[in-house]
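# using only what follows, build the 3D model:
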Amino acid sequence: MKNFQSGRYIQQGYYKSFQPNPINRAWALDNMELIHLLGQADRDLGRLDMYSEYIPNIDLFISMHVLKEATQSSKIEGTQTNIEEALLDREDVAPDKRDDWEEVQNYVASMKEAISRLQELPFSARLIRETHKTLMQGVRGKHKQPGEFRQSQNWIGGATISDAMFVPPVHTSIGELMGDMEQFVHNNTQYFPELLKIALVHYQFETIHPFLDGNGRVGRLLITLYLVSKGILKQPVLYLSDFFERNRTHYYDNLMRVRAKNDLLQWFKFFLVGIIETASSSVATFDNILKLQKQVESQIQTLGSRTARAQKVVHYLYQRPIINASKVGEIADISPASAYKLIADLEQFGILNEITGGKRGKLYIFTAYLQLFK
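Okay, here's the model as predicted:
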């Protein structure tokens, strides 16, 4: 990597665009610190994958992992929806916050759809376009060619292109650059560690910036998608957006540093630290979920004849930890009066807490569980 050249700036009249070099080539790994970080990241990711394989009903908890990723990835782009608001139904969201709420819901939908599509499609430019189309459907940016690579110049930062922080390559080179990236992903003749591969793919994708809008969110989503597509993770349980959001300045600086100074090593180190921290944090979250499950189960076992109904409600809450009396009645197949009685039982245990403060339209939240994702 010592001789790595990220690309070159090309004069385009009154501004310069950046033309990245192809990445589908032989790579040599020669930095011991990076090799050490890579080993640690591989171990921590393997541990997380093991957890995801042995935790009962893992699909219940993946929903909350995806929702957290959606809110954090969107937050990097300026969306202000928090995880509690993201759990609400559209009609319960304040009108001035609905645009942000819809962007988060689209992120959740695009992640789930992309993971499902991996059964039929490889990690590819086509899958990326499909994912982008879902992400941008019916939200701000819906007129910016959802699912299609851009046909005009875009830029990052600055009010106009002339004072932009970064100008990606011209649109006529996107097809070739995305094709090169896809070939690199599936290049099995020249070995390169998978975690460094997706780190490089993420950098290259953000540099190409192939869409008019939504590039950041799609680029971060691709990380999880890649790890699942390669079988490194059996379940989509690792999401780096929280790490990137907490280290937002370093995230952008390290991407720019590759372009400006050819410093790919620093980006790789930052990315691997993100893998290590996030995998360790996710393992701790799963540990705490199992402890909470055990505690809740012991509490509701004391409800006698109402235990089975309480279990149904709690099962739902692990996927969506916010509920109203009508939903409790529907899940447990009981009358409104019985639903309120069951809610009172769960409130007594501290499992549910009422959050609206009103006499009508009350909402209840599984606070202890939600806190594990914050």
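# contacts for whichever strand or helix holds I128, please.
Counting by DSSP states H and E, the element that carries I128 is helix 125-136. For helix 125-136, contacts defined as CB atoms under 8 Å, 6 or more residues apart in numbering pick out 106-107, 109-110, 113-114, 117-118, 121, 142, 144, 146-149, 178-179, 181-182, 205, 210-211, 213-214, 217-218, 221-222, 225. (Glycine included, C-beta is placed from N, CA and C.)
# how about it, which residues are buried there?
Judged by neighbour count (16 or more other CB atoms under 10 Å), helix 125-136 contains these buried residues: 125, 127-136.
# output those as CSV; include the columns pLDDT and distance to N3.
Formatted as CSV, these follow (pLDDT from 0 to 100; distance: CB to CB, whole Å):
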residue, pLDDT, distance to N3
A125, 96, 28
L127, 97, 32
I128, 97, 29
R129, 97, 33
E130, 97, 36
T131, 96, 34
H132, 96, 34
K133, 95, 38
T134, 94, 40
L135, 94, 37
M136, 92, 38
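# how close does the residue lying closest to A199 once chain neighbours are set aside sit to Q151?
Excluding the flanking residues, the one nearest A199 by CB to CB, 6 or more residues apart in numbering is F271, at 4.0 Å. Applying CB to CB, to the nearest Å, the value for F271 to Q151 is 31 Å.
# and G304, by the same measure?
With CB to CB as the criterion, G304 and Q151 are 66 Å apart.
# with neighbour numbers in mind, choose between those two.
A count of neighbours by other CB atoms under 10 Å puts Q151 above the other of G304 and Q151, at 10 against 7.
# can you tell me the SS state at the more buried one?
When classified by DSSP: H, G, I helix; E, B strand; the rest coil, Q151 comes out as coil.
# retrieve the pLDDT associated with it.
Predicted confidence (pLDDT) for Q151: 96.
# do the same with Y239
94.
# which other residues reach stretch 28-47?
1-2, 192-193, 195-196, 227, 232-233, 238, 265, 268-269, 272-273, 275-276, 279-280, 283.
# repeat the analysis, applying 7 Å as the threshold.
1, 193, 195-196, 232, 238, 265, 268-269, 272-273, 275-276, 279-280, 283 (CB atoms under 7 Å, 6 or more residues apart in numbering).
# thinking again about what came up before, turn the buried residues of helix 125-136 into TSV, columns for distance to P22.
Shown next, in TSV, are the buried residues of helix 125-136 (distance: CB to CB, whole Å):
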residue	distance to P22
A125	15
L127	20
I128	17
R129	20
E130	24
T131	23
H132	22
K133	26
T134	29
L135	26
M136	28
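# specify which member of those is nearest to L255.
For the buried residues of helix 125-136, the minimum distance to L255 (CB to CB) is 18.2 Å, reached by I128.
# residues of the biggest helix by length in the chain that come out buried?
The helix spanning the most residues in the chain, taking DSSP state H as the definition, is helix 264-300. For helix 264-300, burial by neighbour count (16+ other CB under 10 Å) applies to 264-265, 267-279, 282-283, 285-286, 289, 292-293, 296, 299-300.
# ok so, going back, restricted to helices, list the contacts of helix 125-136.
If you go by DSSP H, the contacts of helix 125-136 have 106-107, 109-110, 113-114, 117, 178-179, 181-182, 205, 217-218, 221-222, 225 in helices.
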